[in-house]
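J.: Got a predicted structure plus its sequence, pasted below:
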Amino acid sequence: MIRVRVPATSANLGPGYDCMGLALGLYNYITVEEIEKGLVIDILDDSKRFLAADERNLVYRSMMKVFEKTGYRVKGLKITLDNHVMVTRGLGSSSAGIVGGLIAANAMCHNRLTKDELLRLATEIEGHPDNVAPALFGGLTVTVMKKNGPRYIRADIKDDLRFAALVPDFFLQTKKSRTVLPRTVRHKDAVFNASRTALLTASLLTGQYDHLRTAVGDRLHQDYRRKLIPNMESIFRICYQNGAYATYLSGAGPTIVAMVDVKNRKFEEEVRARLRGRLREWHLYMLKADNEGATLL
Ligand code: HSE
């Protein structure tokens, strides 16, 4: 039996659209057994209301990609999913499924594929690398697409930051959230984002967090997506009023993430109190970064 733990991820981090991401300490667990024949998928948690439990299942489809590539002839499969990453909320649930499936199948094939090959496969399945890279490697990842696949650098995230994930009750499909983006942007907006992406990377790597609020500025996606996310501005305001270093839309949304100093003890209590008013559909999860990535247990 093979058991894999895969972290949630938060992509874009403001200006790093489709290239930056980080892993969070919230996990999906995938258990796989080879059986004599057929396919059995058991989903233990509430995500079974949204996920297919047959050949369309993303974990299963990702596993099959590894078997195709390595020539492994699987007899049958029993897959058990224990998911804690909320589905369709901008926290990398599909990437967690893809990466979990790839790692589990690769373990069945005696780890014939390298992690770089798994990243290439995961990116092909997901369509962009910014969630799958941190799900695989943990920490902060910067990914660039080249013709022959993604190139990346990963780095540990320091333990002095906490990530406040504000998750609403409503869903937002990435596909839909990408349709509201413009096909072209102005040169000065591209410069705005390029400069902030560089500042963001430098701030996180050096621990100069006072730059983070400027560094998460974005003109490529957040403003366009605002109309799909009721109360996005109120959530940003509440986070900044309570001392967040930075607040940004996580991935394609609708979750909003605030980076908070570990010593900012009042943040959690104060923000929870503010959500109890007219923002009851938003829920706060205080998370640590994950620096391990997908792990075989
Ligand atoms: N970079 C992606 C987006 C992340 O913003 O659409 C969502 O998967």
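T.: Everything's here; your move. Everything quoted here is computed from the prediction, not taken from an experiment.

J.: and the longest strand along the chain, does that touch the ligand?
T.: Scanning the chain for the longest strand, with DSSP state E as the assignment, gives strand 16-35. Yes. Judged by C-beta under 6 Å from any ligand atom, strand 16-35 comes into contact with the ligand at 17, 18. For every residue, glycine as well, the C-beta is placed using N, CA and C.

J.: Check stretch 150-170 too.
T.: No. If you take C-beta under 6 Å from any ligand atom as the test, stretch 150-170 misses the ligand, and the best it gets is 13.0 Å.

J.: buried set for that stretch?
T.: For stretch 150-170, the neighbour count (16 or more other C-beta atoms under 10 Å) marks 150, 152, 154-155, 157, 161-168 as buried.

J.: Select from those residues every entry located in strands.
T.: Residues of the buried residues of stretch 150-170 located in strands (DSSP E): 150, 152, 154, 155, 161, 162, 163, 164, 165, 166, 167, 168.

J.: So the second one is in contact with residue 141, correct?
T.: When you say that, I think you mean residue 152. Yes. Assessed by C-beta atoms under 8 Å, residue 152 is found in contact with residue 141 at 5.4 Å.

J.: Name the residues contacting each of these two.
T.: By C-beta atoms under 8 Å, 6 or more residues apart in numbering, residue 152 and residue 141 have these common neighbours: residue 133.

J.: can I get the buried residues of stretch 150-170 in CSV with pLDDT?
T.: Output for the buried residues of stretch 150-170, formatted as CSV (pLDDT from 0 to 100):
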residue, pLDDT
150, 97
152, 98
154, 98
155, 98
157, 98
161, 98
162, 98
163, 98
164, 98
165, 98
166, 98
167, 98
168, 98
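
J.: Adding distance to residue 194, write those out as CSV.
T.: Putting the buried residues of stretch 150-170 into CSV (distance: C-beta to C-beta, whole Å) gives the following:
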residue, distance to residue 194
150, 19
152, 18
154, 21
155, 19
157, 22
161, 24
162, 28
163, 24
164, 27
165, 27
166, 27
167, 30
168, 30
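
J.: thinking again about what came up before, which one of the ones in strands among the buried residues of stretch 150-170 is nearest the ligand?
T.: Distance to the ligand, by C-beta to the nearest ligand atom, is smallest for residue 150 among those, at 13.0 Å.

J.: Identify the spatial nearest neighbour of the closest one, chain neighbours not counted.
T.: residue 129 (4.4 Å; C-beta to C-beta, 6 or more residues apart in numbering).
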